[in-house]
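Chemist: Okay, here's the prediction I keep looking at, along with the sequence it came from:
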Amino acid sequence: MSTLVVGTMAFDSLETPFGKAERIIGGSATYIGLAASNFSNDVHLVSVVGDDFPQEQLEDLTRRGVSSEGVERKKGEKSFFWSGKYHNDMNTRDTLDTQLNVLEDFQPKVPDSASEVDFLMLGNLTPSVQMDVILQMKTRPKLILLDTRNFWMDVALDELHEVLKEIDVLTINDEEARQLSGEFSLLKAARKILSMGPNVLIIKKGEHGALMFNEKEAFFAPALPLEEVFDPTGAGDTFAGGLVGHLDATNDISFDNMKRGIIYGSALASFCVEKFGTERVEELTRPEIENRVRQFIDLTQVEINLD
């Protein structure tokens, strides 16, 4: 199986209650690609960087089975940059600086080698760019997953509605689900969003876990209680990468297997927050992942005798 990831590759400067990190590697495509590579050895990236983005980072991705053939490098330009400061609860943050740079006129180009993949993961980008990628695929992927943000609901809602008709799985947070649907109840919100096109809706709730809905079923996975959270940046993208990587590795898109994918995604996200940036995800081993998944199983498993 094979997966195409479309998203940003960037520099982040972060401040959390645990410290600061300046101009570290980030971006949705980076986190998703790294996470997915723990399960699949045929992952392709489509993104754009400036000539300030380190070549060794792309080479490291290649060693992990992640192709950067679709990553455009623009000479004489700078990569996307974001700077933010997290509050003490680590759930809220202030954006201090956003420099679009090469993203300002990004037009993704899907290489032939990635135009017939089995899984397509569309990271947070403008809905028009996400639609452009879908139209470039030579064959429709078995599963199209999309992540978006409330910003696009504010400025490009019509375009977002159009792309929602073309996808299978939507991943958003609870605030975004309420804004997109106009419903406060997440159950009502899910019903309304599923009527917009997606077959499956995943609502990320950060430290409170994740919800998944289709037309008939619902599933909830808790987040693993952690002693320390250093940096939540990229946790949602790492979650998405773990999910799509598991689906790719198992070649099974049933709702039951998506439940397992959410557990794997949650496990990887729980590692991501333990250090700044991509550092913890880059050093992961398979035994560590399996052990963390067992912790999730232990957290949710209970025997009840109703006799």
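Modeler: Perfect, thanks for sending it.
Chemist: check contacts around the closest residue in space to residue 170 that isn't next to it in sequence.
Modeler: Excluding its sequence neighbours, the residue lying closest to residue 170 (C-beta to C-beta, 6 or more residues apart in numbering) is residue 198, at 4.3 Å. In this view, the C-beta of every residue, glycine as well, is placed from N, C-alpha and C. Neighbouring residues of residue 198 by C-beta atoms under 8 Å, 6 or more residues apart in numbering: 146, 164, 167-170.
Chemist: where does residue 198 land in three-state SS?
Modeler: The assignment at residue 198 comes out as coil when based on DSSP: H, G, I helix; E, B strand; the rest coil.
Chemist: For residue 221, give the beta-bridge partners.
Modeler: According to DSSP bridges, residue 210 are recorded as the beta-bridge partners of residue 221.
Chemist: what about it, neighbour count?
Modeler: Here the number of neighbours of residue 221 (other C-beta atoms under 10 Å) works out to 22.
Chemist: give me every residue that touches it.
Modeler: Listed by C-beta under 8 Å, 6+ apart, the contact set of residue 221 reads 209-210, 212, 259, 262-263, 266, 296, 300.
Chemist: hey, where'd the helices end up in this structure?
Modeler: With helices called from DSSP state H, the chain shows them at 28-36, 55-63, 127-136, 150-155, 157-164, 174-181, 186-194, 235-250, 255-272, 279-282, 286-300.
Chemist: would a markdown table of these with mean pLDDT be doable?
Modeler: As requested, the helices of the chain are arranged in a markdown table below (pLDDT from 0 to 100):
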| stretch | mean pLDDT |
| --- | --- |
| helix 28-36 | 97 |
| helix 55-63 | 95 |
| helix 127-136 | 97 |
| helix 150-155 | 93 |
| helix 157-164 | 98 |
| helix 174-181 | 96 |
| helix 186-194 | 97 |
| helix 235-250 | 97 |
| helix 255-272 | 96 |
| helix 279-282 | 94 |
| helix 286-300 | 93 |
